[in-house]
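1. Provide a 3D model corresponding to the input given below.
(one chain, ligands or ions: 1)
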Amino acid sequence: MSDVGPPASNPDALVQVRNLTKHFDTEDGLLDGVEFTNEFPYVSRSTETVRAVDGVSFDIVEGETLGLVGESGCGKSTLARTVLRLLEPTDGSVYFQGDDLASLSGEPLRRKRKDMQMIFQDPQSSLDPRMKVGPIVEEPMRAHGMLDEEGREARAKELLEKVGLDPQHYNRYPHAFSGGQRQRVNLARALSVNPDFIVCDEPVSALDVSIQAQVLNTMEALQREFDLTYLFIAHDLSVIRHISDRVAVMYLGNVVEVADKEELFEHPKHPYTKALLDAIPVPDPRSGGRTATLTGDVPSPIDPPSGCRFRTRCPKVIQPAAYDLREDAWQNVLRFKRAVERRAFEETAPDVLRRRYFADAVPSGAAGTVLEEAFDRLERGAWDDAERLLTERFTDESVCATATPAYEVEPTLGDGRHYAACHLRRDEATASAVDDVTVEEPARSDPTALDADD
Ligand code: SF4
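-> Below is the predicted model of the structure:
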């Protein structure tokens, strides 16, 4: 197992996550809590392994908020639960306050858990509808034997006030509260045992946008007052920007970029981060709103792509060493390849395709030979063969497929660290941990598929 996270760790960090890995065998029936978009076609397979979290490393220093962002299905929630050891890791370690959580069990682990709390996405289902909010807030204190009954009630009322609720509501049931108020009850409950670290799993995504900012402001105020450290998970980058000090971007079980917030938003280094940022809706109606730079589905975590996992959707895939095309010519090749993958055209006459995708001329040399062969296959209606040829000769032979990227680069803003798992950063890297991966030799499906250096 390779460590594809940031190469060095901060020994003073409150939380140090090293090479954390969580795999699920689909036959285990342990898929609850695994979030991945292609879930349903795969749950019936009996022996496959879902690589939900794969070699993730990061640190969180005391008092910091690390935002964790990524599309639905990238493994964020599984990572959160594995960090807290609500799920047993398959590999890797989590150090909290200097202790390796994997070395703890029984009572020592239970005591340590008091200092690590979690807030979940759905404020409705995470509150027992049969309990009044006072006893709900007191529950963790009771479980950890904190205070007597009177003391717990006083602390619950104090915390209700701290999170912006009326302490007189101690005897109300959850249904009497709005979504935002229920999430405040969850906050009070998490705070009741005086934790140091709270994992917040999409805590505001179920709330109206107008309420989100209020709850986020409350969370920031509580962080200052109680010296809290947050791991804050969200798929919404504006929420992440509001609350985070640093941001980690996750894609298909890997962390692909980590940097200070301003550095990441102003100078993203990874094409996936750039695509997420480009997809943020712009308030100006003249801008046309959301721009669709991120296309295609997240691949299955059962069989993730080799090398860089983003390569099947990346608009910047690096051309294989066997070719020497100008960037605009290489971009035309990628555009044509994507069109074939999506079956985006009906007219397959080679002349039409040449004009449509290579107006400046089809590249000459090895790349041109592959393209002409692809045109020929398309004209014969052999779409799958054409797609396979283009994938084998243009994508599978790229460094993006043959080596797993991990680079630290100089930040443009500030003096923090900037990690980017993208080979486009290899020339500016101050440190790297690149692993070559074994890619199966493509089964050349047609004897006319020529070697790239022909
Ligand atoms: S390594 Fe290659 S495929 Fe991955 S993000 Fe960078 S350019 Fe794109």
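2. quick one: R182 and Q124 touch, right?
-> Yes. Between R182 and Q124 there is a contact under CB atoms under 8 Å: 6.2 Å. Glycine gets a C-beta too; all of them are placed from N, C-alpha and C.
3. Overlap of the contact sets of the two?
-> Applying CB atoms under 8 Å, 6 or more residues apart in numbering, one finds that R182 and Q124 are jointly contacted by P174.
4. Comparing those two, which residue is more hemmed in?
-> Neighbour totals were compared for R182 and Q124, and R182 leads with 24 against 14 (other CB atoms under 10 Å).
5. what about F375, is that helix, strand or coil?
-> Classification of F375 into helix, strand or coil gives helix, according to DSSP: H, G, I helix; E, B strand; the rest coil.
6. Look up how far Y323 lies from it.
-> Between F375 and Y323 the distance is 17 Å, computed by CB to CB, to the nearest Å.
7. One more: D122?
-> Per CB to CB, D122 is found 50 Å from Y323.
8. Can you pick out the residue with more neighbours from the two?
-> For D122 versus Y323, neighbours defined as other CB under 10 Å are more numerous around Y323 (21 against 16).
9. Not counting sequence-adjacent ones, nearest residue to the more buried one?
-> A367 (4.8 Å; CB to CB, 6 or more residues apart in numbering).
10. So which residues on the stretch 301-450 of the chain come close to the ligand?
-> The interface of the stretch 301-450 of the chain toward the ligand, taken as CB under 6 Å from any ligand atom, is made up of 308, 310-311, 314, 316-318, 400, 405, 422-424.
11. State the three-state secondary structure for the closest residue to W383 other than its chain neighbours.
-> The spatially closest residue to W383, leaving aside those adjacent along the chain, is R343, at 6.5 Å (CB to CB, 6+ apart). Of the three states, R343 takes coil according to three-state DSSP.
12. and R343, how many neighbours does it have?
-> 9.
13. For the ligand, see how far away it is.
-> Counting by CB to the nearest ligand atom, to the nearest Å, the gap between R343 and the ligand amounts to 22 Å.
14. Sort out which residues of stretch 85-96 are buried, please.
-> In terms of neighbour count (16 or more other CB atoms under 10 Å), stretch 85-96 has its buried residues at 85, 87, 89-90, 92, 94-96.
15. go on, stretch 260-278?
-> Buried residues in stretch 260-278, counted by 16+ other CB under 10 Å: 260-265, 268-277.
16. Now intersect those with the helices, please.
-> Cross-referencing those against helices under DSSP state H gives 261-265, 271-277.
17. filter the residues you listed down to the ones near the ligand?
-> Counting by CB under 6 Å from any ligand atom, the members of those that reach the ligand are P271.
18. Among the ones in helices among the buried residues of stretch 260-278, which one lies nearest to the ligand?
-> Here the nearest of these to the ligand, counting by CB to the nearest ligand atom, is P271; it sits at 4.4 Å.
19. Could you list every helix and strand that the top helix by length along the chain packs against?
-> Across the chain, the helix with the greatest residue count (assigned by DSSP H) is helix 209-226. Using 3 or more CB pairs under 8 Å, 6 or more residues apart in numbering; DSSP states H and E, the elements in contact with helix 209-226 are helix 179-191, strand 229-234, helix 237-243.
20. so of the ones you listed, which one's packed in deepest?
-> Per-residue neighbour counts averaged over each of the helices and strands packed on helix 209-226 give the maximum for strand 229-234, namely a mean of 25 (mean count of other CB atoms under 10 Å).
21. Okay, angle between it and helix 209-226 too, please.
-> Calculated by axes from the mean of the first three to the mean of the last three CA atoms, to 10 degrees, strand 229-234 forms an angle of 170 degrees with helix 209-226.
22. then strand 229-234 to PDB, C-alphas only?
-> Extracted as PDB, the C-alpha positions of strand 229-234 are listed here (Å, rounded to 0.1, in the frame of the first residue of the first chain):
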ATOM      1  CA  THR A 229     -10.800  21.700  16.400                       C
ATOM      2  CA  TYR A 230     -13.100  20.800  13.500                       C
ATOM      3  CA  LEU A 231     -12.900  18.400  10.600                       C
ATOM      4  CA  PHE A 232     -15.700  19.900   8.500                       C
ATOM      5  CA  ILE A 233     -17.100  17.900   5.600                       C
ATOM      6  CA  ALA A 234     -19.200  19.500   2.900                       C
END
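23. How far away from the center of its chain is it?
-> From the chain centre to the centre of strand 229-234 is a distance of 13 Å (CA atoms, centre = their mean, to the nearest Å).
24. Stretch 214-228 too?
-> Per CA atoms, centre = their mean, the centroid offset for stretch 214-228 relative to its chain is 24 Å.
25. in the chain, which helix or strand is least confident?
-> Taking mean pLDDT, DSSP states H and E as the measure, helix 39-42 is the helix or strand of the chain with the lowest mean score, a mean of 44.
26. what's the following helix or strand after that helix?
-> Later in the chain than helix 39-42, the nearest helix or strand by DSSP states H and E is strand 49-60.
27. Okay, now the sheet partners of that next one, with direction.
-> Strands that pair with strand 49-60, judged by DSSP bridges, come out as strand 15-25 (antiparallel).
28. What's the mean pLDDT across the strand it pairs with?
-> If you average the pLDDT over strand 15-25, you get 93.
29. List the buried residues of it.
-> 15-24.
30. residues making contact with that strand?
-> Judged by CB under 8 Å, 6+ apart, the contacts made with strand 15-25 from elsewhere in the structure are 1, 3, 5, 9-10, 30-31, 34, 47-60, 75, 78-79, 82-83, 87, 89-96, 197, 229, 231.
31. Distance from the chain centre to that strand, please.
-> The chain centroid and the centroid of strand 15-25 are separated by 13 Å under CA atoms, centre = their mean.
32. State the pair within the buried residues of stretch 85-96 that is farthest apart.
-> T90 and F96 (18.7 Å; CB to CB).
33. For the stretch 51-200 of the chain, give me the ranges with low pLDDT.
-> Within the stretch 51-200 of the chain, the segments meeting pLDDT under 70 span 123.
34. Enumerate the residues of it near the ligand.
-> Within the stretch 51-200 of the chain, no position lies close to the ligand (CB under 6 Å from any ligand atom).
35. Strands of the stretch 51-200 of the chain, residue ranges please.
-> 65-69, 91-96, 99-100, 116-119, 197-201 (DSSP state E, counting those that start in this stretch).
36. what's the second one packed up against?
-> With contacts defined as 3+ CB pairs under 8 Å, 6+ apart, strand 91-96 has these neighbours: strand 15-25, strand 49-60.
37. rerun at 6 Å
-> Packing contacts for strand 91-96, counted by 3 or more CB pairs under 6 Å, 6 or more residues apart in numbering; DSSP states H and E, involve strand 15-25.
38. which residue sits closest to N194, ignoring its sequence neighbours?
-> Distances taken as CB to CB, 6+ apart place F226 nearest to N194, at 7.4 Å, with adjacent residues excluded.
39. whoops, E410 was the one
-> Beyond its immediate neighbours in the sequence, the residue positioned closest to E410 (CB to CB, 6+ apart) is T430, lying 6.0 Å away.
40. What score does that neighbour have for pLDDT?
-> So T430 comes in at 81 (pLDDT).
41. Just the element for it, please.
-> Element membership of T430, judged by DSSP H and E, is strand 429-432.
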